[in-house]
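Trainee: compute the structure for the input listed below.
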Amino acid sequence: MSSHNILRRHRVAALLGAALIISPFVVSFAQSAGNTAVSNVVATTQTPVAGITAPNGSFAPIVAADKPAVVTVTTVMKAQPASADDGMPLGNSPFDQYFRQFFGDQGMPAPRTPPQQAQRAEALGSGFIVSADGTIVTNNHVVDGASSIKVTLDDGTELPAKLIGRDAKNDLAVLKIKADKSLPTVKWGDSDRLMTGDQVLAIGNPFGIGTTVTAGIVSARGRDLHSGPFDDFIQIDAPINHGNSGGPLVDVNGNVVGINTAIYSPNGGSVGVGFAIPSDQAQKVVAKLMKDGSIQYGYLGVEIQPVTPDVASAIGLDHPGGALVSKVNDSSPAASAGVEAGDVITGFAGQDVKDPKDLSRAVADVAPGAKESLDVWRKGKAMQISVNVGQNSDDVKTASTDDSGMPSAEQGSRAPAIGLGLMDITPDIRQEMNLADNEHGAVVARVSPDKAAAAAGIQPGDIIVAVNQAPVKSARQVTQAIAQASKSGRKSVLLLVERDGGQIYVAVPFANG
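Mentor: All right, here's what the predicted structure looks like:
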């Protein structure tokens with residue numbers, strides 16, 4: 001089972017407070033996607049290993065040095081009325097949208113209140129001081145939608161805080177408080193040096209009970225929660241819960257190597273699977289927020305997807321890698337530069353692009369207006385394209401592969417090698433499917449469930465608009481192009497499929513036909 005499917009089956013939650021504390025009711029941000037699957041456990045015999053121990057037998061020196069710089073962040077906001085459809089708060093943050101997109105609206109149940117009874121709400125999170133003048137780092141979702149922000153220092157002092165800047169895409173925010181004394185701070189560490197198995201401490205205020213320290217190890221690196229283009233989370237087993245959001249993850253030297261942000265759980269509580277934003281990523285964003293208050297991201301205007309082994313075989317690449325362009329947005333920087341659907345972007349601005357995430361991050365890091373180079377593989381040839389990077393709130397994204405549920409049509413031509421029933425786009429079909437006059441291709445009328453096309457994800461109602469990067473206008477052309485690809489000795493055929501107004505490349509192997 002893929003990590004994406006696992007995430008759909010469990011609960012991933014931003015660690016914002018014990019909940020949104022709203023008088024007279026409580027609403028949680030955690031969302032549920034269903035019941036936890038139970039798998040078989042095979043007993044194995046393992047060689048005993050030495051227990052995990054703190055340096056010099058105790059973490060106390062680290063805690064004594066770092067705990068005074070960890071704060072509690074309390075935000076006051078106008079409570080959003082509950083939706084009549086889902087009973088959840090109508091949040092507009094990327095995390096709210098992300099949870100709804102991937103997990104639906106099966107959230108933790110919450111009593112409903114009539115819209116006219118919306119009341120003041122408080123939310124709790126954590127943060128840490130990075131400069132003695134009162135600059136504080138926390139998560140964006142801790143302060144999103146706040147009308148006022150209060151910071152409570154480790155000694156109990158309460159101070160109003162000003163929002164200096166925030167970045168929803170990285171889920172980071174910077175606050176500033178004024179104190180009558182020099183404040184304790186923590187130092188940034190080097191998250192790139194973290195290795196799986198390294199010891200870490202998580203400090204924060206879970207459930208609002210007070211500053212708490214938990215210990216654990218780095219469980220994994222580079223986790224992608226599908227929450228945005230910059231996902232590169234550190235997975236930890238140090239227990240963190242609601243309220244830990246924005247608190248520091250520190251190494252055995254007491255330096256901040258991450259910002260605790262989310263948990264993965266079937267029951268809403270900590271089960272030893274937590275996620276932190278790496279410090280090397282966070283430090284760069286925080287520096288920009290301290291300087292400008294916001295971040296401008298570069299924009300290409302393409303929809304991209306991974307290059308699988310089947311896709312690589314279909315287009316003549318000797319190995320999978322890069323980002324396959326499934327669609328170029330009209331009037332975008334990519335369109336102006338001459339990027340085409342079917343191109344594989346293998347490099348950007350002198351950096352290798354190994355997968356779509358590499359491209360997303362590289363483009364986002366470039367200032368809008370910069371002129372950069374794209375290394376492209378197009379129809380069997382390598383080439384370089386110059387592009388003027390633009391600015392847009394919607395960054396480069398991976399093409400969606402969700403089911404479409406489009407209507408089917410009667411069977412027409414056949415492509416028996418991969419299990420497709422095709423038909424031309426007739427005037428009646430064009431009207432029934434609400435297709436534009438310039439829409440050409442072949443409609444998938446039927447998919448044999450035991451053939452390769454079905455296994456690859458082709459669905460009735462899909463429109464095949466190109467085969468092996470060559471446009472097609474009829475069912476006959478599709479069938480002929482598939483047959484030609486089979487005769488050429490290729491292991492798979494690459495179909496450009498239109499579904500729900502978007503386009504995606506699907507590689508269908510002949511071996512399974």
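Trainee: helices or strands up against the strand or helix carrying Val71?
Mentor: Under the criterion of DSSP states H and E, Val71 resides in strand 70-78. With contacts defined as 3 or more Cβ pairs under 8 Å, 6 or more residues apart in numbering; DSSP states H and E, strand 70-78 has these neighbours: strand 120-131, strand 135-138, helix 140-143, strand 148-152. Where C-beta positions appear, they are placed from N, C-alpha and C, glycine not excepted.
Trainee: got the contact list for it?
Mentor: With contact meaning Cβ atoms under 8 Å, 6 or more residues apart in numbering, strand 70-78 is reached by 118, 120-129, 136, 138, 142-143, 145-154, 161, 175, 186, 203-205, 208, 211, 246-248.
Trainee: what strands flank that strand, and is each parallel or antiparallel?
Mentor: Applying DSSP bridges, strand 70-78 is found paired with strand 120-131 (antiparallel), strand 148-152 (antiparallel).
Trainee: quick one: the helix or strand that the shortest one is followed by to strand 70-78, angle?
Mentor: Think strand 148-152. Scanning forward in sequence from strand 148-152 by DSSP H and E, the next helix or strand is strand 158-167. For strand 158-167 against strand 70-78, the angle by axes from the mean of the first three to the mean of the last three Cα atoms, to 10 degrees is 80 degrees.
Trainee: who are the packing partners of strand 158-167?
Mentor: Applying 3+ Cβ pairs under 8 Å, 6+ apart, we find strand 158-167 packed against helix 140-143, strand 148-152, strand 172-177, helix 279-292.
Trainee: quick check: mean pLDDT of that strand?
Mentor: Summarised as a single mean, pLDDT over strand 158-167 is 94.
Trainee: now the residue nearest to Asp232 when sequence neighbours are not counted: which helix or strand?
Mentor: Spatial nearest neighbour of Asp232, chain neighbours left out: Gly222 (5.6 Å); criterion: Cβ to Cβ, 6 or more residues apart in numbering. Gly222 is part of strand 212-223, with elements assigned from DSSP H and E.
Trainee: follow-up on the earlier one: number of residues surrounding the residue nearest to Asp232?
Mentor: Using other Cβ atoms under 10 Å, Gly222 has 11 other residues around it.
Trainee: and it, what's its pLDDT?
Mentor: pLDDT for Gly222: 88.
Trainee: ok, now Tyr297?
Mentor: pLDDT, Tyr297: 83.
Trainee: can you check Ile263 too?
Mentor: Here the pLDDT value assigned to Ile263 is 88.
Trainee: ok, back up a step: so the residue nearest to Asp232 sits against Leu194, correct?
Mentor: No. Assessed by Cβ atoms under 8 Å, Gly222 is found out of contact with Leu194, at 10.8 Å.
Trainee: next, find the distance separating Ser488 from Val467.
Mentor: 12 Å (Cβ to Cβ, to the nearest Å).
Trainee: quick one, which of those two is more surrounded?
Mentor: Val467 (25 against 9).
Trainee: show me what that one is bridged to.
Mentor: Here Val467, judged by DSSP bridges, has bridge partners Ala470, Leu495.
Trainee: just to check, it is in contact with Val493?
Mentor: Yes. Between Val467 and Val493 there is a contact under Cβ under 8 Å: 6.4 Å.
Trainee: any idea how far Leu495 lies from Gly322?
Mentor: 19 Å.
Trainee: now for Pro160, how many residues are close by?
Mentor: 11.
Trainee: let me see the contact set for it.
Mentor: So Pro160 contacts Ser148, Ile149, Lys150, Val151, Ile177 (Cβ under 8 Å, 6+ apart).
Trainee: closest to Gly254 out of these?
Mentor: Using Cβ to Cβ, Val151 comes nearest to Gly254 of the contacts of Pro160, at 21.3 Å.
Trainee: and the strands in the stretch 251-400 of the chain?
Mentor: For the stretch 251-400 of the chain, applying DSSP state E, counting those that start in this stretch gives strands covering 256-265, 274-278, 298-299, 302-306, 323-328, 344-348, 351-352, 371-378, 381-388, 390-391, 397-398.
Trainee: before we move on, back to that, buried only: go through the contacts of strand 70-78 for me.
Mentor: Of the members of those, the ones counted as buried by neighbours, 16 or more other Cβ atoms under 10 Å, are 121-129, 136, 138, 142-143, 145-146, 149-154, 161, 175, 186, 203-205, 208, 211, 246-248.
Trainee: coming back round to it: got any residues that touch both of Val467 and Val493?
Mentor: By Cβ under 8 Å, 6+ apart, Val467 and Val493 have these common neighbours: Ala481, Ile482, Ala485.
Trainee: can you list the strands paired with strand 70-78 in CSV and add distance to Leu359 and mean pLDDT?
Mentor: Listed next are those as CSV, based on distance: least, Cβ to Cβ, whole Å; pLDDT from 0 to 100:
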stretch, distance to Leu359, mean pLDDT
strand 120-131, 31, 90
strand 148-152, 36, 95
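Trainee: among the ones you listed, which is nearest Val389?
Mentor: strand 120-131 (29.8 Å).
Trainee: okay, the angle between the closest one and strand 256-265?
Mentor: Using the same axes, to 10 degrees, the inter-axis angle of strand 120-131 relative to strand 256-265 is 150 degrees.
Trainee: rewinding a little: how about CSV for the strands of the stretch 251-400 of the chain, with distance to Asp450 added?
Mentor: Output for those, formatted as CSV (distance: least, Cβ to Cβ, whole Å):
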stretch, distance to Asp450
strand 256-265, 35
strand 274-278, 39
strand 298-299, 43
strand 302-306, 25
strand 323-328, 27
strand 344-348, 31
strand 351-352, 39
strand 371-378, 33
strand 381-388, 37
strand 390-391, 46
strand 397-398, 29
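Trainee: so, low pLDDT: which residues of this structure?
Mentor: 1-55, 78-120, 228-229, 392-417, 511-513 (pLDDT under 70).
Trainee: quick one, domains of it?
Mentor: Taking automatic domain parsing as the domain assignment, the ranges for the chain are 3-34+56-177, 191-291, 298-398, 413-509.
Trainee: okay, those, which one's buried deepest?
Mentor: Across the domains of the chain, the average number of neighbours (mean count of other Cβ atoms under 10 Å) peaks for domain 191-291, which reaches a mean of 21.
Trainee: since that was my last question, I'll sign off now.
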